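Peer 1: Sequence and computational prediction follow.
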Amino acid sequence: MVGMEPYLLQEWGKTYTLHDTIELMKRDFAVVLAKGAGLWWYDMYGGWFDDDEIYDLVAVMKQEMDYEIANPAQNVSEVAWVIDEDILSTSVYHFGGTFSPLNSSHYLQKEELAHIGAPYDQLYLCDLEAGTAKDYKVYVISATDLDESEMAALESIKKPGVTILWYGLPGVYAADGTFSADGISAVTGIEVSLTYEALTYNVTLGSDLAGTLAEGAEGMLYGDFDLAARNASPMAYVTDEEATALGMLHGTSYTGAAQKVIACAGGSWTSYYSSVSNIPAEVIRNALVASGGHVYCESATDALFISSGYIGISSPYGGERTVTLTEACDVWDVFAGEYVAKNATSFTFEADEDSTRLFKTVPPGTVLFPETPEEPAGGGNVGLIVGLSVGGAVLVVAAVAVVLIVHSRRRA
């Protein structure tokens, strides 16, 4: 029924058709294989999964999970979104009852990261402190109150060729707890000042951005998109004459986005500072390319879930898609049960609207011998838990546990 869609009702995760249920299950399973996130399907009241198509899908998933256990994929993310653990309690904005800056710094930023055409990892800042995180080519940093240990951890990632995108007020608290622009300037490498004017939480990018990290996003507005509210204070803006100005705090003459190349031992790294969060996918994608990273698919609307052995693509609108691989592979469509390419460095497919495709990538000539799954006896009634546990802060697969419980269904 029009108007009853879960996204309109704010009922995230619910579905009202079999098609939507199956595609949601495919999407979540693709995340599990690619990222190692935990997942279970729980038959809450009985009958939630009581459909032959769902049983068939679960059988395929079980078979694929078994393959992944025997052939564990590796993390290939080159982008890390790093969040300070105390970001919620130390955010310095006056929210005015809307909490929109908080929303844009997390929920909306996550949406932009999902559309960069490449995988990303989400880390806590303590992962950098502990030294358990691997190296990345691009970092997106969400932090405000930084102690000496955290500052040192952030200094450790400023390596040749790396791009770091900062937003908000990283390091704004001085040692005595007062606000200071000096800490922001020190951590980002870009000189900034503070204003206590009540401004909108938005940046408008400029019109001449060729050769910059914001190329392709000319004229774009980003932030919380609320141009009526004046709910963010203090705000930082760029005053560094050596930085390249890319955009302005909306409705002001303050530079709200800039980039700067900064020398370091063995070369240089690039700093991108934004007064507001929700940095556009175009900017993050450009940063990845500039740092020598790989973009798999440039669709602006699809979410990708990628490891060394799988590529999942969730497409809300559908259409022709081309995926570029990092090396030649045979490509197997997991849910369709067929090859889409062999010994290929790229492949093209047609995505249906509101669909998820999951592709397994293997070295050319690998024999997969896919088997047709057996239907559960009596049609089956599945009350199942599929769990995937991994070790390591960056979700490199270390251990996987799968439990499949099948109960027979009573028929009238």
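Peer 2: The structure has been received and is ready for your questions.
Peer 1: Burial check on residue 283, number of neighbours?
Peer 2: 30 (other C-beta atoms under 10 Å). In short, each C-beta sits where N, CA and C put it, glycine included.
Peer 1: contacts for the helix or strand harbouring it?
Peer 2: Element membership of residue 283, judged by DSSP states H and E, is helix 281-290. Contacts to helix 281-290, defined as C-beta atoms under 8 Å, 6 or more residues apart in numbering, come from residues 78-79, 112-118, 137-138, 140, 163, 165, 212-217, 220, 270, 272, 294-295, 298, 300.
Peer 1: just checking, which of those belong to helices?
Peer 2: For these, the ones inside helices are 112-114, with DSSP state H as the criterion.
Peer 1: Closest to residue 310 out of the residues you listed?
Peer 2: Residue 310 has its nearest neighbour among the ones in helices among the contacts of helix 281-290 in residue 114, at 16.4 Å by C-beta to C-beta.
Peer 1: residues contacting the closest one?
Peer 2: 281, 303-304.
Peer 1: out of those residues, which are buried?
Peer 2: 281, 303-304 (16 or more other C-beta atoms under 10 Å).
Peer 1: mind listing the strands for the stretch 251-400 of the chain?
Peer 2: 255-264, 267-274, 303-306, 310-315, 319-333, 338-351, 355-362, 381-382 (DSSP state E, counting those that start in this stretch).
Peer 1: before we move on, the earlier item: possible to save the buried ones among the contacts of residue 114 as CSV with distance to residue 41 and pLDDT?
Peer 2: Output for the buried ones among the contacts of residue 114, formatted as CSV (distance: C-beta to C-beta, whole Å; pLDDT from 0 to 100):
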residue, distance to residue 41, pLDDT
281, 30, 96
303, 20, 93
304, 23, 94
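Peer 1: And those, which is closest to residue 131?
Peer 2: residue 304 (28.3 Å).
Peer 1: these two touch, right, that closest one and residue 321?
Peer 2: No. Using C-beta atoms under 8 Å, residue 304 makes no contact with residue 321, being 10.1 Å away.
Peer 1: Can you work out which residues contact both of these two?
Peer 2: Common contact partners of residue 304 and residue 321 (C-beta under 8 Å, 6+ apart): 297, 313.
Peer 1: From residue 254, how far out is residue 248?
Peer 2: 6 Å (C-beta to C-beta, to the nearest Å).
Peer 1: re the thing from before, take the ones in helices among the contacts of helix 281-290 and lay them out in TSV including pLDDT.
Peer 2: Formatted as TSV, the ones in helices among the contacts of helix 281-290 follow (pLDDT from 0 to 100):
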residue	pLDDT
112	94
113	95
114	92
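Peer 1: just those residues now: which is nearest residue 19?
Peer 2: So of the ones in helices among the contacts of helix 281-290, ranked by how close each gets to residue 19 (C-beta to C-beta), first place is residue 114, at 21.8 Å.
Peer 1: Roughly how far does that closest one sit from residue 35?
Peer 2: Residue 114 is 12 Å from residue 35, by C-beta to C-beta.
Peer 1: before we move on, back to that, now distance to residue 68 too, for the strands of the stretch 251-400 of the chain, in a markdown table please.
Peer 2: Compiled in a markdown table, the strands of the stretch 251-400 of the chain are given as follows (distance: least, C-beta to C-beta, whole Å):
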| stretch | distance to residue 68 |
| --- | --- |
| strand 255-264 | 39 |
| strand 267-274 | 35 |
| strand 303-306 | 13 |
| strand 310-315 | 8 |
| strand 319-333 | 13 |
| strand 338-351 | 18 |
| strand 355-362 | 9 |
| strand 381-382 | 20 |
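Peer 1: Where does the prediction get shaky in this structure?
Peer 2: 1-13, 38, 91-102, 231, 369-412 (pLDDT under 70).
Peer 1: Mind checking the strands of the stretch 251-400 of the chain for the one nearest to residue 185?
Peer 2: With C-beta to C-beta as the criterion, residue 185 lies closest to strand 267-274 of the strands of the stretch 251-400 of the chain, at 9.4 Å.
Peer 1: Tell me the gap between stretch 34-47 and the middle of its chain.
Peer 2: Its chain's C-alpha centre lies 21 Å from the corresponding centre of stretch 34-47 when counted by C-alpha atoms, centre = their mean, to the nearest Å.
Peer 1: That one spans what distance, first to last residue?
Peer 2: Chord length of stretch 34-47, first to last residue, is 29 Å (C-alpha to C-alpha, to the nearest Å).
Peer 1: hmm, back to that, just the buried ones from the contacts of helix 281-290, in ChimeraX syntax?
Peer 2: Those of the contacts of helix 281-290 that count as buried under 16+ other C-beta under 10 Å are selected in ChimeraX with:
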select :78,79,112,113,114,115,116,117,118,137,138,140,163,165,212,213,214,215,216,217,220,270,272,294,298
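Peer 1: For stretch 25-37, buried residues please.
Peer 2: 25-36.
Peer 1: Just put the residues you listed in CSV and tack on distance to residue 311 and secondary structure.
Peer 2: Below are these laid out as CSV (distance: C-beta to C-beta, whole Å; DSSP: H, G, I helix; E, B strand; the rest coil):
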residue, distance to residue 311, secondary structure
25, 18, helix
26, 13, helix
27, 13, helix
28, 16, helix
29, 13, helix
30, 9, helix
31, 12, helix
32, 14, helix
33, 10, helix
34, 8, helix
35, 12, helix
36, 15, coil
